[in-house]
Each structure stands twice: as structure tokens, then as C-alpha cells.
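In: coordinates only, sequence not included:
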């Protein structure tokens, strides 16, 4: 598994899990910086002055690619998890064998932890996330790996068994094509008003999906669930100025087999439900122990040997 970009939901709500993006775009790097998760100043008991708990990293010369703790490989690439970071985790969890892939999975798991996301929501809106040393490393590493596999394999995972209701000819490809835009079902509430029924998704006037579980609406990425993103993006629109038609029915995956669109929607439900279940089963990522207040700062890096901030010689003792 290639360690790539991990994005943080800009709303930073505890219910809004983090999402993964392409590994060839802009990977994240664990920078050698230690701080409290919230990066708050602390009081110096001897002088009474406000001091910072942050140990500022020593940045190397970005123009000197040889002056780094982790030299690039033959292709000019540097692992996104530094040797320094690996050492910190191995020393902290001394009884647990840990590899760089384990750390990457652990980070992805922690970034979904609701207690961590909720407590530091304001800080996450303003800066990069700081990854705590959770009490249970293996729980987050295993959950994170499951989430990585699920999110990377969303196009090939087992479709969720929704009921596909077809009122037209099931053998006619047009039965499964989007006419304009998909929409939720409608139902009357206790006051007799029509409201959205999110257990039903109308693909068009001839085909609908029924039996969408409530859990499919708990996994939110950048303000929308995967199904809501599908409704928003998979549609037929015409640019007023140029007259160019943007038709989601022409997408390669289901251009020749429109029924593949139904499978795609069912897979989105699978990813949403399974993600919700994994996240709800996560233990606490935080601890009241001062040792667990120290955290690692996640920093963006570039790929293929391009310059990026690195650190060395960091004093990891408590300030």
C-alpha cells in the first residue's frame, strides 16, 4: 500500500470522518515536532510566565537534498513516514512490533476517532492535525487498515444488497440511465408534509433503490455523504454559454453497461455502512495521562524527491 494523502474534513465535525485521496497527488509527512494536541501555552511554575509546550523543529536546508535524516531512494523518493517518526512510535509502544505501514494505518484510524475530532475541532479548523499516542495502538492500526482497504477499494467492494425496483423494461439499458438528476424518495411526516425519505433513492422515474440503511447517512465527507455526493455530481447538465452537455451516463464505467451505475451506488452504501461501523467501534484516542498529551504533527510533503521540510536533532523530552 502506497502511503499518500490524508485529507481532513474542513468542517472538522466529530461525525465527519476523514477521507483519503490519490497517493500521487500530495502525500502527508509526519514531521518531527512534538506538542500538546491543542498547542496551548502552559504556565511556568517557577517564573509564572506563559510558555509554549511546542518544541519547534529544526528545518534542514531545503536546497540540500543530501542533508536529510532519510535519504531518497534510487528514484528520488523519500518515505512519508520518517525514520525519526518510526523510532518515536517504537519507543512509546515498546512492547508492540511496529512498522511504517502500521503507523500509516494507525494515523488513518486516529483521524477517524470521534473523541479526538470533537475535542480539537476548533484547532483542526485552523491548523494541521496533531496525532496523539492513543492508549491502544493496535486497535487503531487494525481499524485504520480496514478503512484504507475499504476506501481504496470502493469501486470493487461487494455491493450492498439494496432492493432495485424497476417499473420499466429491466432488459432496456435506458431503464438505468440518469435522466436529469437522482433524488430521494418522499414520505409524509406526522404533520402531513412531504419530507425526504432517504431509505429510497430514485435513479429516474423507472428505477429506484429501496432499503438504504440509516448507517449509510452517518459517514460524511466534506459535508455530504457518499450518496449525496453521487446525487450532486452524477447528473445531466447543459452549459448555457457553450451548449456543452455534461452527461454522467457517458462515464466509462457504465457508458456501455448502465446497470453498473446501480452497482456503483450499492457499493457507496457498502463503504458508508462499513465505515460507520468501524468508526463507532473505535476506542478512545485520547488519554488523561500527560504522556499522551504529546503528539506528532502531520505536515504535507511533496513526492518524487521534491523539497520538503524535514527535521533532525529534536529533543523529545518534556519541555
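Out: Received it, and whenever you're ready, just let me know what you need. Predicted model, so just to flag it, every value in this text is computed and none were measured.

In: so where do the helices sit in the stretch 201-319 of the chain?
Out: Residue ranges of the helices in the stretch 201-319 of the chain, as given by DSSP state H, counting those that start in this stretch, are 226-233, 252-255, 259-280.

In: now do the second one: everything it contacts.
Out: By Cβ atoms under 8 Å, 6 or more residues apart in numbering, the residues outside helix 252-255 that reach it are 155, 176, 249, 260, 261, 264. In this view, the C-beta of every residue, glycine as well, is placed from N, C-alpha and C.

In: just those now: which is nearest residue 214?
Out: residue 264 (20.8 Å; Cβ to Cβ).

In: which single one of the contacts of helix 252-255 is nearest to residue 82?
Out: For the contacts of helix 252-255, the residue nearest residue 82 by Cβ to Cβ is residue 155; the value is 31.5 Å.

In: separation between the residue nearest to the closest one when sequence neighbours are not counted and residue 194?
Out: Leaving aside its chain neighbours, residue 155 sits nearest to residue 267 (6.8 Å; criterion: Cβ to Cβ, 6 or more residues apart in numbering). Distance from residue 267 to residue 194, counting by Cβ to Cβ, to the nearest Å: 29 Å.

In: so those two - more neighbours on which side?
Out: residue 267 (19 against 9; other Cβ atoms under 10 Å).

In: quick check: pLDDT value at the more buried one.
Out: Residue 267 is assigned 96 on the pLDDT scale.

In: that one touches residue 160, doesn't it?
Out: Yes. The pair residue 267 / residue 160 is scored as a contact, 7.3 Å apart, by Cβ atoms under 8 Å.

In: phi, psi for the residue nearest to residue 92 when sequence neighbours are not counted please.
Out: Spatial nearest neighbour of residue 92, chain neighbours left out: residue 133 (5.1 Å); criterion: Cβ to Cβ, 6+ apart. Dihedral angles of residue 133 (phi, psi; degrees, to the nearest 10) stand at phi -80, psi 100.

In: how about residue 185?
Out: phi -70, psi 170.

In: can you give me the neighbour number for it?
Out: 16.

In: now residue 246: how far from residue 201?
Out: From residue 246 to residue 201 the distance is 21 Å (Cβ to Cβ).

In: so which of the two has more stuff around it?
Out: Legend: neighbour count by other Cβ under 10 Å for residue 246 and residue 201, higher for residue 201 (22 against 11).

In: wait, the more buried one touches residue 265, no?
Out: Yes. If you go by Cβ under 8 Å, residue 201 and residue 265 touch, sitting 6.8 Å apart.

In: quickly list what's touching both of those two.
Out: 209, 227.

In: per-domain residue ranges of the chain.
Out: Domain assignment of the chain by automatic domain parsing yields the ranges 6-136+283-300, 163-280.

In: out of the ones you listed, nearest to residue 151?
Out: Nearest of those (Cβ to Cβ): domain 6-136+283-300, 4.9 Å.

In: quick one: the strands in the stretch 51-200 of the chain?
Out: 130-132, 163-166, 183-188, 194-202 (DSSP state E, counting those that start in this stretch).

In: that concludes my questions; thank you for your assistance.
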